[in-house]
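Student: From the sequence below, what's the structure:
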Amino acid sequence: MSTISAVGRVAELRRYPVKSMLGERCDTLRVGPVGVEGDRRYAFVDDETGHIATAKHPRRWSALLRCAAATRDGGVTVTLPDGRELPVSEAAGPLSELLGRSVSLAGERAAGVVLERSDPLDVLERGIEAASDPVLLELGQGAPGGAFVDHSPVHVITTATLDAIGVGLGEALRYRPNIIVETAQSPFIENDWLGTEFSVGGVVLRGTLPTPRCAVPTLRHGDTERSPDAVRYLLEHNRVDVLGVPLPCAGMYAEVVSVGLISVGDEVRLR
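Tutor: Here you go, the predicted structure:
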């Protein structure tokens, strides 16, 4: 017989309509079989390499984090660093000028598509502009459907973990979660939830993988400054085995067991 225990409540909900751009806070998220509706719905693709443009390779793509994407009237609007707002379907040209590389819009993740990930230690030690050889990672290996998620469809982190790192809710955007759980439990309690089902509002999720941290949390996000400690703390305090490799982690990925709605304030219950 299984037991159910309350572990916290939903503090914030976030959605990122375009990969590697700033996203939006939401009062409610609808979670379907393939994840959070409207999350990582679009990405931009490097026309030269065919790789997904992501700030995980900051020397090339960090300027994406100066852009914001929001869902409006069923469509997605992109706001550029100079304040211009335009439909995502018209953003490829201005983004190509901003990034200094030709990019095209993609509305569905193709099978086997990859992104470039720089070594976060290398970025910390040598800076964003240092030349390095990023590794190629396949997107969405734990996710059905066509969203441009890194692994599984939903990303969860707790306030206990954010507080331990020293960023709190105010800079939770550095870690790009969908669900932020307010809890009095220990930092990095997410490590213990892996493989476990938990209910959030009307949704049931199952933890699948610790969330490895690349250079992205250390970068500028909109008006925020760089923060090397956003990953350095994890290197010292929470290296976790991820598919056989010890990596700095914060939060976890989760898959969808049953669909429904999640709202801010909903109770999170561990099964």
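Student: what about stretch 178-191, how long is it end to end?
Tutor: End-to-end span of stretch 178-191 (Cα to Cα, to the nearest Å): 17 Å.
Student: What residues of the helix or strand bottoming out on mean pLDDT in the chain count as buried?
Tutor: Each helix and strand of the chain was given a mean pLDDT (mean pLDDT, DSSP states H and E); the minimum falls on helix 120-126 at a mean of 82. Residues 120, 123-124 are the ones in helix 120-126 that count as buried (16 or more other Cβ atoms under 10 Å). C-beta: built from backbone N, CA, C; applies to glycine.
Student: likewise stretch 164-178?
Tutor: Neighbour counts over stretch 164-178 (16+ other Cβ under 10 Å) mark 164-165, 167, 171-178 as buried.
Student: What segments of the protein are helices?
Tutor: 58-61, 92-99, 120-126, 159-165, 229-237 (DSSP state H).
Student: Need the CA coordinates for the first one. CSV is fine.
Tutor: I take that to be helix 58-61. Output of helix 58-61 as CSV, limited to C-alpha atoms (Å, rounded to 0.1, in the frame of the first residue of the first chain):
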residue,chain,number,x,y,z
PRO,A,58,27.3,31.1,-24.9
ARG,A,59,30.1,32.3,-27.2
ARG,A,60,27.7,31.9,-30.1
TRP,A,61,24.2,32.2,-28.7
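Student: ok, and what's touching it?
Tutor: 20, 53-55, 99, 101, 116, 118, 123, 128-132, 215-216, 219 (Cβ atoms under 8 Å, 6 or more residues apart in numbering).
Student: before we move on, the earlier item: adding distance to Phe148 and pLDDT, write the buried residues of stretch 164-178 out as CSV.
Tutor: As requested, the buried residues of stretch 164-178 are exported to CSV (distance: Cβ to Cβ, whole Å; pLDDT from 0 to 100):
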residue, distance to Phe148, pLDDT
Ala164, 29, 96
Ile165, 25, 95
Val167, 24, 91
Glu171, 23, 91
Ala172, 20, 94
Leu173, 18, 93
Arg174, 19, 95
Tyr175, 17, 97
Arg176, 12, 97
Pro177, 16, 98
Asn178, 14, 98
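Student: Gly244: which of the residues you listed is nearest?
Tutor: Tyr175 (23.1 Å; Cβ to Cβ).
Student: Against Cys214, how distant is Arg109?
Tutor: Going from Arg109 to Cys214 by Cβ to Cβ, to the nearest Å gives 19 Å.
Student: higher neighbour count, those two?
Tutor: Cys214 (24 against 20; other Cβ atoms under 10 Å).
Student: With adjacent residues omitted, what lies nearest to Glu24?
Tutor: Ala70 (4.9 Å; Cβ to Cβ, 6 or more residues apart in numbering).
Student: Tally up the residues packed near Ser96, please.
Tutor: Ser96: 16 neighbours (other Cβ under 10 Å).
Student: what about the strands in the stretch 151-271 of the chain?
Tutor: In the stretch 151-271 of the chain, the strands defined using DSSP state E, counting those that start in this stretch lie at 154-158, 179-182, 197-200, 203-212, 239-242, 245-258, 260-263, 267-270.
Student: Out of those strands, which is closest to Gly32?
Tutor: Using Cβ to Cβ, the strands of the stretch 151-271 of the chain put strand 245-258 closest to Gly32, at 7.3 Å.
Student: got the angle for the closest one vs helix 229-237?
Tutor: 110 degrees (axes from the mean of the first three to the mean of the last three Cα atoms, to 10 degrees).
Student: how about strand 245-258: buried residues?
Tutor: In strand 245-258, counting by 16+ other Cβ under 10 Å, buried: 247-256.
Student: How about stretch 216-223?
Tutor: Of the residues in stretch 216-223, those buried (16+ other Cβ under 10 Å) are 216-221.
Student: Which of the residues you listed sits closest to Thr79?
Tutor: His221 (13.6 Å).
Student: okay but the closest one is in contact with Leu22, surely?
Tutor: Yes: at 6.3 Å, His221 counts as touching Leu22 under the criterion of Cβ atoms under 8 Å.
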